[in-house]
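> Got a sequence here, can you model it:
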Amino acid sequence: MPGLGVSYGRGGATTFQQDTQHSDCIVIMGSNMAECHPVGFRWPMKAKAKGATLIHIDPRFTRTSAMADIYVPIRAGTDIVFLGALINYVIQNELYFKEYVLAYTNAATLINPEYKDTEDLNGLFSGYNPESRKYDNKTWQYQYEPVNLEPAGDSFSEKVKANHKGKPKQDLTLQDPNCVFQILKRHYARYTSEMVEKVCGTPKDLFLKVAETITKNSGREKTTVFCYAVGWTQHTVGVQYIRAAAILQLLLGNIGRPGGGILALRGHATIQGSTDLATLYNVLPGYLAQPSALKKHATLEEYILTETPATGWWHNTPKYIVSLLKAWYGDAATKENNFAYDYLPKIIGDHSHMPMFVGMKEGKVKGFFAFGQNPAVGGQNAEFQRQGLADLDWMVVLDLYETETAAFWKREGVRSEDIKTEVFFIPAAAVAEKAGSFTNTQRMVQWHDKAVDPPGDARSDLDFVYDLGKRLKKLYAGSTDPKDRPILDMTWDYGEHEADPYLVMKEINGYTVADKKPVKSFTELKDDGTTAAGGWIYSGIIPEEGKNLAASRNPDNYVSLGWGFAWPANRRILYNRASADPSGKPWSERKKYIWWDPEADAGGGKKGKWVGYDIPDFPATKPPDAPAKPDGLGLDAHSGADPFIMKVDGKGWLFAPSGLLDGPLPTHYEPMETPVENPMYKQQVNPVVIRFDLKGNEYIKVGDPNYPIVISTYRLTEHHLSGTMSRWLPWLAELQPELFVEISPELAGEKGIQNGDWVTIITPRAEIEAKALVTRRLRPFRLGDGKIIHQIGMPWHWGYQGVVKGDIVNNLSALVGDPNVTIHEGKVFTCNIRKGRRQRTANV
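Modelled structure (predicted):
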């Protein structure tokens with residue numbers, strides 16, 4: 001999410017899958033879309049049928065590659081070199097969309113003259129502390145012109161005036177050495193086509209063909225879209241991969257426009273909804289910051305002053321946090337008690353997945369709920385995680401079948417009498433056995449009804465949690481201990497017996513407290529306690545009682561605003577103000593989408609509003625020539641030509657002065673485990689990478705001859721994630737019945753391996769076995785120094801439970817994380833292979 005969020009303002013896909021049919025060029029990178037998102041892949045194929053160019057850039061030749069016009073092999077872990085070289089190509093050849101870049105990005109903004117780039121510090125940015133391994137971003141900040149502000153009033157919205165930094169200084173000629181454009185130009189100067197060939201192992205001519213194709217299909221008349229998935233995210237620089245694409249798309253003028261954008265292809269059905277509402281430890285629903293003991297968050301006022309910028313849409317943060325507290329604590333949340341803000345727990349560090357399992361091993365985590373998750377197979381260094389489960393006091397697993405997580409104590413080499421963890425397995429309802437909603441990869445919420453009742457004792461996750469909450473409230477009833485108030489005061493009325501998902505969605509949507517009527521939009525939310533909303537970005541799904549827009553099914557032949565509901569406010573292409581030029585006219589008739597109509601009825605006897613095929617992602621009646629108010633708050637600080645309303649300056653960020661922990665510009669670092677020394681800089685790996693230097697999680701050193709082979713893990717069409725919804729079903733399992741490893745003919749020849757042989761794959765964490773699939777879908781890469789890099793690929797859907805069984809591929813990988821989101825690096829690490837089966841471990 002931060003890759004897109006920091007660049008544009010929101011972490012969601014900027015476009016929708018159906019819009020890719022209008023693209024002139026589709027670049028799929030970090031994704032095997034044909035196999036992992038086959039239904040959505042129909043839209044790029046429609047574009048191709050109409051003449052668009054389809055490009056696939058990937059270490060493996062896949063079904064996506066087979067359908068592409070241009071397939072580009074690339075060494076795993078080097079995408080920033082490739083993308084950086086595209087950025088350099090665009091700048092050096094002056095192929096960027098000049099009017100768009102000057103008006104809609106921060107290219108002209110001046111940065112602190114004390115800023116030092118990786119070019120100056122050999123792979124590091126200014127502000128780096130080698131002892132703490134952290135950056136201080138003070139030198140990355142904008143230069144500002146001070147403005148005179150009126151004294152702040154008593155409301156939260158007024159008090160955040162203290163956060164007003166002034167007007168960013170600019171050089172509209174783009175010549176000042178401290179302006180973003182010149183910094184960008186210097187930073188990527190070394191990212192050349194020759195460097196791509198040397199570092200990525202991609203032929204220079206093939207890179208240039210991609211560069212020419214993308215630039216010819218971007219501009220006023222044409223647009224290019226980028227599609228990515230976990231092939232970009234699962235790296236120690238994963239956020240910066242996405243940032244690099246975001247920068248390129250801004251330079252080409254492809255954001256906010258039909259056929260353009262960046263389509264983030266989520267990992268499965270409602271991952272987008274899970275982050276929206278909000279399973280991440282560090283955010284509250286709607287991407288509000290989780291209160292933290294490490295920040296100035298002691299009181300609600302301190303939280304608001306810390307988290308609320310004076311300019312941009314996030315100036316409305318007080319309305320959203322107060323409405324959230326009212327939704328959760330109802331009448332107990334009053335102005336006198338800061339709307340029960342003290343009820344919210346405060347984080348004290350990184351509580352994401354991998355640190356949580358380290359906490360289990362250290363005895364700090366006593367209990368664990370696993371809802372539809374199977375970390376015993378899906379977790380990195382999976383044996384480490386299974387050992388963590390053995391250090392719990394109790395665990396509750398809700399799933400369709402007895403997964404490896406529920407049965408971690410049954411695995412090879414373990415005596416069940418040595419396990420102290422008490423395991424409770426709760427049979428769960430499948431999708432067709434419960435009602436609710438999915439939020440898909442393009443931010444669209446779609447309702448589904450229950451088709452049949454779940455069998456036996458199986459129940460939905462919602463019913464389980466609702467029942468648990470009612471039991472806890474009953475258990476705590478009568479308590480006078482202040483620490484029990486959050487449970488006692490929690491609003492928990494979603495049905496007499498079973499939870500009604502409509503009532504949950506109504507709370508998420510929001511309502512006016514006095515009459516419980518749904519709000520029509522998040523613009524109706526207030527910070528005085530008169531409104532409640534459990535997830536402000538979903539406001540508008542239920543605009544009136546009984547009307548659920550997530551259940552609407554009224555398509556048309558393009559945008560289909562009547563099908564489902566896309567947050568925010570049912571907007572399908574985000575930042576779509578950028579589909580018009582600064583004066584409000586479409587950039588071209590062919591790429592017309594949203595435009596200013598000075599004669600349109602704006603209500604109240606006024607004329608002039610934004611119209612088009614979508615809901616404007618902009619104040620509907622703000623004219624394009626509206627000037628920015630230097631001392632303005634919220635969107636008053638933006639002009640009528642600032643499309644990126646969530647950003648403090650209204651601009652798309654080529655350079656990120658804040659929001660990221662590992663630098664303002666994407667920079668190539670090698671993966672944590674690699675056979676290659678960084679050819680670009682002295683700094684080998686991401687300098688602020690999250691390490692877990694623990695027994696059982698040993699890392700492989702750079703160039704270790706014992707582990708010279710690069711391995712990537714991936715998914716198959718025939719299986720789903722850890723296999724829980726596919727390995728137990730014979731008619732799916734028989735399509736891919738056993739674990740395999742893809743090996744190039746060249747590597748197979750070196751190792752004496754034939755197709756179908758048993759092969760053992762080895763890292764310091766584990767040894768596993770699989771059948772060899774010798775295939776030209778994988779190839780060796782020759783780098784600039786003549787070194788040959790071999791790579792293998794393995795799907796990771798198997799385990800020791802289910803109809804079909806196989807070794808757990810994630811036993812091989814290490815716990816290591818991107819510093820911004822602590823995501824793992826399962827897409828690239830190193831290993832070795834040998835012919836033959838692994839040694840078995842007895843259950844003694």
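> Bridged to Ala532, which residues?
Beta-bridge pairing of Ala532 under DSSP bridges involves Tyr511.
> The stretch 1-150 of the chain: strands as residue ranges?
Here the stretch 1-150 of the chain has its strands, by DSSP state E, counting those that start in this stretch, at 25-29, 53-57, 70-72, 128-129, 134-135, 144-145.
> tell me the most buried of those?
Mean neighbours per residue, mean count of other C-beta atoms under 10 Å, is largest over the strands of the stretch 1-150 of the chain for strand 25-29, with a mean of 27. Every C-beta, even on glycine, is put in place using the N, C-alpha and C of the backbone.
> helices or strands up against it?
Where contact means 3 or more C-beta pairs under 8 Å, 6 or more residues apart in numbering; DSSP states H and E, strand 25-29 is packed against helix 42-49, strand 53-57, helix 204-216, strand 224-228.
> burial count for Ile768?
23 (other C-beta atoms under 10 Å).
> Quick check: closest non-adjacent residue to it.
Using C-beta to C-beta, 6 or more residues apart in numbering and skipping the chain neighbours, the partner closest in space to Ile768 is Asp807 (3.7 Å).
> Might one say that the one you found is in contact with Trp798?
Yes. Using C-beta atoms under 8 Å, Asp807 is in contact with Trp798, at 6.6 Å.
> Mind listing the shared neighbours of those two?
Leu739 (C-beta atoms under 8 Å, 6 or more residues apart in numbering).
> Who has more neighbours out of those two?
Shown here are Asp807 and Trp798; by other C-beta under 10 Å, Trp798 has more neighbours (28 against 21).
> thinking again about what came up before, need the helices and strands packed on strand 25-29 in JSON lines (columns: distance to Asp500).
As requested, the helices and strands packed on strand 25-29 are exported to JSON lines (distance: least, C-beta to C-beta, whole Å):
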{"stretch": "helix 42-49", "distance to Asp500": "35"}
{"stretch": "strand 53-57", "distance to Asp500": "45"}
{"stretch": "helix 204-216", "distance to Asp500": "49"}
{"stretch": "strand 224-228", "distance to Asp500": "37"}
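> do you know which of those lies nearest Met490?
strand 224-228 (38.5 Å; C-beta to C-beta).
> hang on, the earlier thing: what's the most buried one of the helices and strands packed on strand 25-29?
strand 224-228 (a mean of 28).
> name the helices or strands packed onto that strand?
strand 25-29, helix 238-251, strand 262-264.
> Can you add mean pLDDT and give these back as TSV?
Listed next are the helices and strands packed on strand 224-228 as TSV, based on pLDDT from 0 to 100:
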stretch	mean pLDDT
strand 25-29	98
helix 238-251	97
strand 262-264	96
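> Dump the ones you listed to CSV, plus distance to Lys591.
Shown next, in CSV, are the helices and strands packed on strand 224-228 (distance: least, C-beta to C-beta, whole Å):
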stretch, distance to Lys591
strand 25-29, 13
helix 238-251, 14
strand 262-264, 17
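> Dump the longest strand anywhere in the chain to PDB, keeping only the CA atoms.
Counting residues, the longest strand in the chain under DSSP state E turns out to be strand 594-603. Only the C-alpha atoms of strand 594-603 are listed here, as PDB (Å, rounded to 0.1, in the frame of the first residue of the first chain):
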ATOM      1  CA  ILE A 594     -13.700  13.600 -16.800                       C
ATOM      2  CA  TRP A 595     -13.900  17.300 -17.800                       C
ATOM      3  CA  TRP A 596     -15.200  20.700 -16.600                       C
ATOM      4  CA  ASP A 597     -18.600  21.800 -18.000                       C
ATOM      5  CA  PRO A 598     -19.100  25.500 -17.300                       C
ATOM      6  CA  GLU A 599     -22.800  25.300 -18.200                       C
ATOM      7  CA  ALA A 600     -23.700  22.200 -16.100                       C
ATOM      8  CA  ASP A 601     -26.200  22.700 -13.400                       C
ATOM      9  CA  ALA A 602     -24.300  22.800 -10.100                       C
ATOM     10  CA  GLY A 603     -27.400  23.300  -7.900                       C
END
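> which strands and helices sit next to that strand?
strand 606-612.
> pull the CA atoms of the helix or strand where Ile426 lies into CSV?
For Ile426, the element it lies in under DSSP states H and E is strand 422-427. Output of strand 422-427 as CSV, limited to C-alpha atoms (Å, rounded to 0.1, in the frame of the first residue of the first chain):
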residue,chain,number,x,y,z
GLU,A,422,-4.3,-26.5,23.6
VAL,A,423,-5.8,-26.4,20.1
PHE,A,424,-9.5,-25.6,19.5
PHE,A,425,-10.7,-26.3,15.9
ILE,A,426,-13.9,-24.6,14.9
PRO,A,427,-15.4,-25.8,11.6
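> who's in contact with it?
393-400, 402, 406, 409, 454, 456-459, 464.
> Return the set of buried residues in that strand.
Val423, Phe425, Ile426, Pro427 (16 or more other C-beta atoms under 10 Å).
> can you give me how far the longest strand of the chain is from the chain middle?
Strand 594-603 sits 35 Å away from the centroid of its parent chain (C-alpha atoms, centre = their mean, to the nearest Å).
> in the stretch 151-300 of the chain, which spans are strands?
Counting by DSSP E, counting those that start in this stretch, the strands of the stretch 151-300 of the chain are 167-168, 224-228, 262-264, 283-284, 288-289.
> For the ones you listed, give me CSV that also has distance to Ala532.
What follows is these, written out as CSV (distance: least, C-beta to C-beta, whole Å):
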stretch, distance to Ala532
strand 167-168, 36
strand 224-228, 36
strand 262-264, 30
strand 283-284, 14
strand 288-289, 14
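> so which of the ones you listed gets nearest Ile792?
strand 224-228 (22.4 Å).
> Starting from the closest one, tell me which strands it pairs with and how they run.
For strand 224-228, pairing defined by DSSP bridges yields strand 25-29 (parallel), strand 262-264 (parallel).
> Mind listing residues that contact the last one?
Same thing as strand 262-264. Taking C-beta under 8 Å, 6+ apart as the rule, strand 262-264 contacts 4, 12-17, 20, 225-229, 242, 245-246, 249, 255, 441-442.
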